[in-house]
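Enquirer: I'll drop the sequence and a predicted model, then ask my questions.
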Number of protein chains: 2
Amino acid sequence: MKKATKTEIPRKTVYRLSVYLRCLHKLKSNRIVTVSSEALARAAGVKPTQLRKDLTYLGQFGVRGLGYDVEQLSQMITVHLGTNRLQPVILVGAGNLGNALLQYHGFEPEGFEIIAAFDQDPQRQRDKILRIPLHPMSKLPHIVQEFRVRMAILAVPAAAAQEVANALIDAGILGILNFAPIVPAVPEHVALNNVNLAIELENLSYFLQE
Amino acid sequence: MKKATKTEIPRKTVYRLSVYLRCLHKLKSNRIVTVSSEALARAAGVKPTQLRKDLTYLGQFGVRGLGYDVEQLSQMITVHLGTNRLQPVILVGAGNLGNALLQYHGFEPEGFEIIAAFDQDPQRQRDKILRIPLHPMSKLPHIVQEFRVRMAILAVPAAAAQEVANALIDAGILGILNFAPIVPAVPEHVALNNVNLAIELENLSYFLQE
DNA sequence: CGGTTTTAGTGGCTTTTTTCACAGTAATAA
DNA sequence: TTATTACTGTGAAAAAAGCCACTAAAACCG
């Protein structure tokens, strides 16, 4: 039984909305003010009908015969995704991948800011003078609380993933972006997204054997 | 109309098989020889019934009342995913993320080896003496051919993504793991997987606003 | 050896997601 | 003003994915 007022947006649609938003940013920076569902769909790598269907969850503001207003649409999506405010994020695990992510500046323009990093050994591998402080794990609860952090990036080895995840959850973290090669168990109320680069490659390789 | 002999494995199942494989590796390194669908499912973050269903695509070799043989199962999956041979992979774009991926040693144990990297400016940011050579883009076709490379990791800025993707495809690359924030258009025969860290974070953030 | 427990395999039901076909509306051209 | 063209919006059908209840087999225990 669905609410008539605001139907839940499907999981997959939410994901694609982010993709659309990214494409819209790109269009905007190219001074393009209007885009058709076909053009935007192609940019996002989906079918036009799917794009339109996805957008209907946000209401209707496309102009028939013309397309969508880039600015308006991207604002609409932004509002719905709740990305209008800058979100503080912490990162745990300053190994290979963790350091890489700290040096990666792709989050800020999208509304996320890594405000602190944590590691078992806070002396670890600081060859670059990073603007992001590296703390010992013990400081985690304090910082999470002080900055009201809700999301964490988990970039620790498999063996430590579950333990660290537990620590994050205890500290009040509500969403975990997991890079560890195992999937930590999390309670119902915690959102978990997994990214495993090896799996992506492997998956790819499956589809290219003809 | 399906072939009776070998039903196509669903996309999602293929993806999860990789996840299972990873969990099995973990179990194997812990000297565990047998695992139940329930235990493996929990490790992989799926439901036991789904795991079993997924495995039926490979045939049946679980032992009722006991579980699956870790070694046998992981070999079975490996064969099906076609990951038994070491796959050479190239990386394009030695910026922030590209360098990070080069320093990331998570691919080798999974059967992938980054054999070469490419960048517009091959002098770029080689603070670490990497064992992986960094070439100018002009050498791409030659190396792809010589090492029979089929997959590439694309880690260039959005503005260059399409152009570089085209170059990869022209050189004979069949699968692209794309980290650029736009989705390049690729012909039918080329497999494309997209990874966008900002999108993952954004997606996560959506699901934690109650 | 028989009963009990554990655990895989499966058919089909349910839900979710995608696709399609076409109705509807605005802009534009003539 | 009318016709034409270029789009979007959407209900319904189709496809895909997920889930559950149940069956069957093997192991284990006494």
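Expert: Noted; the coordinates are in hand.

Enquirer: Given the host helix or strand of residue A:113, what are its sheet partners and their directions?
Expert: Residue A:113 belongs to strand A:112-119 when assigned by DSSP states H and E. Applying DSSP bridges, strand A:112-119 is found paired with strand A:87-92 (parallel), strand A:134-136 (parallel).

Enquirer: which element follows the longest one toward the C-terminus?
Expert: For strand A:87-92, the following helix or strand on the C-terminal side (DSSP H and E) is helix A:96-103.

Enquirer: From the centre of chain A outward, give me the first residue you hit.
Expert: Closest residue to the average C-alpha location of chain A: residue A:177 at 7.6 Å, with C-alpha atoms, centre = their mean.

Enquirer: That residue contacts residue A:151, doesn't it?
Expert: Yes - with contact defined as C-beta atoms under 8 Å, residue A:177 counts as touching residue A:151 (6.9 Å). The way it works is simple: take the backbone N, C-alpha and C, and place the C-beta from them, glycine included.

Enquirer: Mutual contacts of those two, please.
Expert: The contact sets of residue A:177 and residue A:151 overlap at B:201, B:204 (C-beta atoms under 8 Å, 6 or more residues apart in numbering or on different chains).

Enquirer: in the strand holding residue A:113, what counts as buried?
Expert: Under the neighbour-count criterion of 16 or more other C-beta atoms under 10 Å in any protein chain shown, strand A:112-119 has A:112, A:114, A:115, A:116, A:117, A:118, A:119 buried.

Enquirer: who touches the first one in this structure?
Expert: It stands for residue A:112. By C-beta under 8 Å, 6+ apart, the residues touching residue A:112 are A:86, A:87, A:89, A:151, B:198, B:201, B:202, B:205.

Enquirer: For burial, what's the neighbour tally of the residue of chain A found nearest chain B?
Expert: Using C-beta to the nearest C-beta, residue A:100 is the residue of chain A that sits closest to chain B, at 2.5 Å. Here the count is done by other C-beta atoms under 10 Å in any protein chain shown, and residue A:100 has 20 residues near it.

Enquirer: While we're on residue A:65, how confident is the model there?
Expert: At residue A:65, the model reports a pLDDT of 90.

Enquirer: Repeat that for residue A:121.
Expert: The model reports residue A:121 with a pLDDT of 89.

Enquirer: Assess the claim that the residue of chain A closest to chain B and residue B:101 are in contact.
Expert: Yes - using C-beta under 8 Å, residue A:100 is in contact with residue B:101, at 7.1 Å.

Enquirer: relative orientation of the lowest-mean-pLDDT helix or strand in chain A and strand A:87-92 in degrees?
Expert: Among the helices and strands of chain A, helix A:96-103 carries the lowest confidence by mean pLDDT, DSSP states H and E, at a mean of 84. Interaxial angle of helix A:96-103 relative to strand A:87-92 (axes from the mean of the first three to the mean of the last three C-alpha atoms, to 10 degrees): 150 degrees.

Enquirer: from the chain's centre, how far out does helix A:96-103 sit?
Expert: Taking C-alpha atoms, centre = their mean, to the nearest Å, one finds the center of helix A:96-103 at 16 Å from the center of the full chain.

Enquirer: Show me what it packs onto, helices and strands only.
Expert: strand A:87-92, strand A:112-119, helix B:96-103 (3 or more C-beta pairs under 8 Å, 6 or more residues apart in numbering or on different chains; DSSP states H and E).

Enquirer: got a list of contacts for it?
Expert: Outside helix A:96-103, the residues touching it (C-beta under 8 Å, 6+ apart) are A:91-92, A:94, A:114, A:117, A:119, A:125, A:128, A:130, A:132, A:153, A:155-156, A:179, B:96-97, B:99-101, B:103-106, B:197.

Enquirer: what about stretch A:65-79, distance to the chain center?
Expert: The chain centroid and the centroid of stretch A:65-79 are separated by 21 Å under C-alpha atoms, centre = their mean.

Enquirer: Going by neighbour count, list what's buried in that stretch.
Expert: A:67, A:68, A:69, A:70, A:73, A:74, A:76, A:77, A:78.

Enquirer: do the same with stretch A:169-178
Expert: By neighbour count on 16+ other C-beta under 10 Å, the buried set for stretch A:169-178 is A:169, A:171, A:173, A:174, A:175, A:176, A:177, A:178.

Enquirer: I'd like the distance between the residue sitting furthest away from the middle of chain A and DNA strand C.
Expert: Relative to the centre of chain A, the most outlying C-alpha is that of residue A:65, 33.5 Å out, by C-alpha atoms, centre = their mean. Separation of residue A:65 from DNA strand C (C-beta to the nearest atom of the strand, to the nearest Å) stands at 3 Å.

Enquirer: do stretch A:168-187 and DNA strand D meet at all?
Expert: No - Stretch A:168-187 stays clear of DNA strand D (C-beta under 7 Å from any atom of the strand), getting no nearer than 14.0 Å.

Enquirer: could you dump that stretch to CSV, C-alpha only?
Expert: C-alpha atoms of stretch A:168-187 as CSV (Å, rounded to 0.1, in the frame of the first residue of the first chain):
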residue,chain,number,x,y,z
LEU,A,168,32.0,3.2,13.1
ILE,A,169,28.4,2.2,13.9
ASP,A,170,29.0,2.5,17.6
ALA,A,171,30.3,6.0,17.0
GLY,A,172,27.0,6.9,15.3
ILE,A,173,27.9,6.6,11.6
LEU,A,174,24.8,5.9,9.5
GLY,A,175,26.2,5.2,6.1
ILE,A,176,29.3,3.3,5.1
LEU,A,177,31.0,3.3,1.7
ASN,A,178,33.0,0.1,1.9
PHE,A,179,36.1,-0.6,-0.1
ALA,A,180,37.2,-3.6,1.8
PRO,A,181,37.0,-6.9,-0.1
ILE,A,182,34.5,-8.3,2.3
VAL,A,183,31.0,-7.1,3.1
PRO,A,184,30.7,-6.2,6.8
ALA,A,185,27.4,-7.1,8.5
VAL,A,186,25.6,-3.9,9.6
PRO,A,187,22.3,-3.4,11.4
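
Enquirer: ranges for the helices of chain A?
Expert: A:11-29, A:37-44, A:48-56, A:70-81, A:96-103, A:140-146, A:158-171, A:197-207 (DSSP state H).

Enquirer: Test my guess that residue A:68 contacts residue A:38.
Expert: No - using C-beta under 8 Å, residue A:68 makes no contact with residue A:38, being 10.9 Å away.
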